[in-house]
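A.B. asks: Prediction below, plus the sequence it came from.
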Amino acid sequence: MANSIATFCRSNPDGARHTADVADHINNYWEPRMRTQLFAAYESGDTGSFHPLVLEAMTKIRRPAVPLEQRTTTATDQAAGPAGSA
């Protein structure tokens, strides 16, 4: 999906902001889980399939503050409070 965004941004006739446009779109519209997966692929070295604009944009893409494995609670879990409290 990041490659599709990069391809679209590259086609923008206004030019100059291609890399910023890719990062802006991913920061504004991708949920943290998607950005976490993007960083995991990037950091694994599996970047051969990445569009060059995606690679350039990686320094501007915000890494989610909470790791994926820690974002497993639901709104219902949070409303119930800590386990064992009544």
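C.D. replies: That came through fine. Keep in mind the model is a prediction, meaning the values are calculated, not measured. Numbers count the residues shown, from 1 in each chain.
A.B. asks: which residue ranges form the helices in the chain?
C.D. replies: Secondary structure of the chain (DSSP state H): helices at 2-10, 18-29, 32-43, 52-57, 75-80.
A.B. asks: mind listing what's buried in the third one?
C.D. replies: Buried positions in helix 32-43, judged by neighbour count with 16 or more other Cβ atoms under 10 Å: 35-36, 38-39, 42. Every C-beta, even on glycine, is put in place using the N, C-alpha and C of the backbone.
A.B. asks: Closest one of the residues you listed to Arg63?
C.D. replies: Looking at those and their distance to Arg63, the nearest is Phe39, at 5.7 Å (Cβ to Cβ).
A.B. asks: Does that closest one touch Arg63 like I think?
C.D. replies: Yes - with contact defined as Cβ atoms under 8 Å, Phe39 and Arg63 form a contacting pair (5.7 Å).
A.B. asks: so where is this protein shaky, pLDDT-wise?
C.D. replies: Counting by pLDDT under 70, the chain shows low-confidence ranges at 6-9, 11-19, 67-86.
A.B. asks: Try it again at 50.
C.D. replies: Judged against pLDDT under 50, the low-scoring parts of the chain cover residues 84-86.
A.B. asks: What's the local residue count around the residue nearest to Leu55 when sequence neighbours are not counted?
C.D. replies: Using Cβ to Cβ, 6 or more residues apart in numbering and skipping residues adjacent in sequence, the residue nearest Leu55 is Thr47, 6.2 Å away. Residues within reach of Thr47, counting by other Cβ atoms under 10 Å, total 13.
A.B. asks: Thr47 and Ala40 touch, don't they?
C.D. replies: No - in this structure, Thr47 sits apart from Ala40 without contact. The criterion is Cβ under 8 Å, and the distance is 11.7 Å.
A.B. asks: one step back: closest to Val22 out of the buried residues of helix 32-43?
C.D. replies: Distances from the buried residues of helix 32-43 to Val22 were compared by Cβ to Cβ; the smallest belongs to Leu38, at 11.1 Å.
A.B. asks: Quick check: Gly48 vs Val22, distance?
C.D. replies: The span separating Gly48 from Val22 equals 18 Å under the rule Cβ to Cβ, to the nearest Å.
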